[in-house]
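Got a predicted structure here, sequence first:
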Amino acid sequence: MSAGGATLRQVLSDTTRIIKAHSRHFLALSMVFLFPISFSTFIYTSLLHPTSIHSYYRRSLYIFSTPNPNPNHSPLLLQIIYSLFVSILYICATASISYSTFHGFYGRPVKFISSLKSILFSFFPLLATVIVMQIIFVLIIFAFIILMLLTYNGLLLIGIEFDYDTVYFLVFVILIVALLVGVLIYLESEWYVSNVVVVLESQWGFSPLRRSSYLVKGMKRVVFCMILLFGVFGAYFSFLCLSSGPKAGILEGWFNWKVVLKMVLYTCFLTILSLYSVSANTVLFIHCKALHGEFAFEIDHEEFAQEYVSLPREDGNVPYVVNVV
């Protein structure tokens, strides 16, 4: 194994190889867990939001500027149901797809029932870890809001004043937001394989976060590229979902073949993107372990010595495990 880690191309190539080798298996997992998430996203945005981003923005301004004596709690209830639905399915998808990708990488048998069973052992540890991460993110955002207020008031105390509608205030807000986004992206890169650690190493809470931070050392460039790649495409398709709701009413809009076609295309693209994201995350985890010299311990030599052989790559990087039966 070379001192250098794998490239983004190698990670995506291994991911594609695994998915193609077990296409029906991953298709089944995607249809059970990922497709409902993508489909519900389209339905949710169509039911809750207006037909475009611009009309939603105008409606938001109206809501904030006009008091509503009779608030409607239905959107809040819908948001809660949608969030719970998506969170549960995504945790199940992460557990099952990570488990399948890990075994598929080594050429081991990949069974649908075994992937579903992995959810039983990983669901609550994943849930606990995700909650810990979200709490940390919320605390950081809250700290930045406090910092922005303190900085603004400090500038006022020393005699520097600027109104909310001036370019100086806009620059000030942009700098704070850019700093916040930078911190969040850094933490995301540090904890990028934490979910895989939970599934494959039976850790939870803060432990997988520390473990992920250790594993991604030497692979930060690949991690950042993956965050950028899946983040940009995910945001793009999410934007398309938000801006392509029914033009007329809900009932009339769903009888429009263009709306139905968009729904099918966007949900399929989001499903495929989500599958590759979770699977590539697992492949990255394996390459990170190989970079730190932990690859040799992944195979139970007593059980699989006669069935699997570890072969090096031609470029000297992470070896493959090949079934030789």
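Cool, the structure landed. Computed from a predicted structure; not experimentally measured.

tally of neighbours for Leu156?
Close neighbours of Leu156, defined as other Cβ atoms under 10 Å, add up to 11. The C-beta positions use only the backbone N, C-alpha and C, and glycine is treated the same way.

now do Leu84
Leu84: 10 neighbours (other Cβ under 10 Å).

name the element it belongs to?
Following DSSP states H and E, one finds Leu84 within helix 74-105.

Let me see the mean pLDDT of the host helix or strand of Val138.
For Val138, the element it lies in under DSSP H and E is helix 112-157. For helix 112-157, the per-residue pLDDT values average out at 89.

repeat for stretch 181-189
91.

So what touches that stretch?
Ile136, Phe137, Ile140, Phe144, Val216, Lys220, Val223, Phe224, Ile227 (Cβ atoms under 8 Å, 6 or more residues apart in numbering).

now do stretch 28-36
The contact list for stretch 28-36 (Cβ under 8 Å, 6+ apart) reads 85, 89-90, 92-93, 96-97, 100, 112, 115, 267, 270-272, 274-275.

about what we covered before: same list, the contacts of stretch 181-189, but as TSV with neighbour count and distance to Phe121 please.
Shown next, in TSV, are the contacts of stretch 181-189 (neighbours: other Cβ atoms under 10 Å; distance: Cβ to Cβ, whole Å):
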residue	neighbour count	distance to Phe121
Ile136	15	24
Phe137	14	26
Ile140	14	30
Phe144	17	36
Val216	23	24
Lys220	14	30
Val223	23	26
Phe224	17	31
Ile227	15	27
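
what bits of the stretch 151-300 of the chain have low per-residue confidence?
Low-confidence segments of the stretch 151-300 of the chain (pLDDT under 70): 160-164, 241-257, 295-300.

Go again with 50.
248-249, 251, 296-297, 299-300 (pLDDT under 50).

What helix or strand is Leu27 located in?
Using DSSP H and E, Leu27 falls within helix 23-29.

Quick one: distance of that helix to the chain centre.
19 Å (Cα atoms, centre = their mean, to the nearest Å).

Would you tell me what the next helix or strand after that helix is?
With DSSP H and E, the next secondary element past helix 23-29 is helix 35-48.

Can you check my assumption that Leu228 lies in a strand?
No - counting by DSSP: H, G, I helix; E, B strand; the rest coil, Leu228 is not found in a strand; it is helix.

Work out for me the element the closest residue to Tyr192 other than its chain neighbours sits within.
Distances taken as Cβ to Cβ, 6 or more residues apart in numbering place Val223 nearest to Tyr192, at 4.9 Å, with adjacent residues excluded. Taking DSSP H and E as the definition, Val223 sits inside helix 220-242.

Dihedrals phi and psi, the nearest residue to His103 once chain neighbours are set aside?
Nearest residue to His103 in three dimensions, chain neighbours excluded: Val110, at 5.3 Å (Cβ to Cβ, 6+ apart). Phi and psi for Val110, reported as degrees, to the nearest 10, are phi -110, psi 110.

surely Val110 meets Ser100?
Yes - between Val110 and Ser100 there is a contact at 5.0 Å, judged by Cβ atoms under 8 Å.

Go ahead and confirm Val196 touches Tyr99.
No - checked against Cβ under 8 Å, the pair Val196 and Tyr99 is beyond contact range at 9.6 Å.

Counting neighbours, go ahead and name the busier of these two.
Per other Cβ under 10 Å, whichever of Val196 and Tyr99 has more neighbours is Val196, with 29 against 24.
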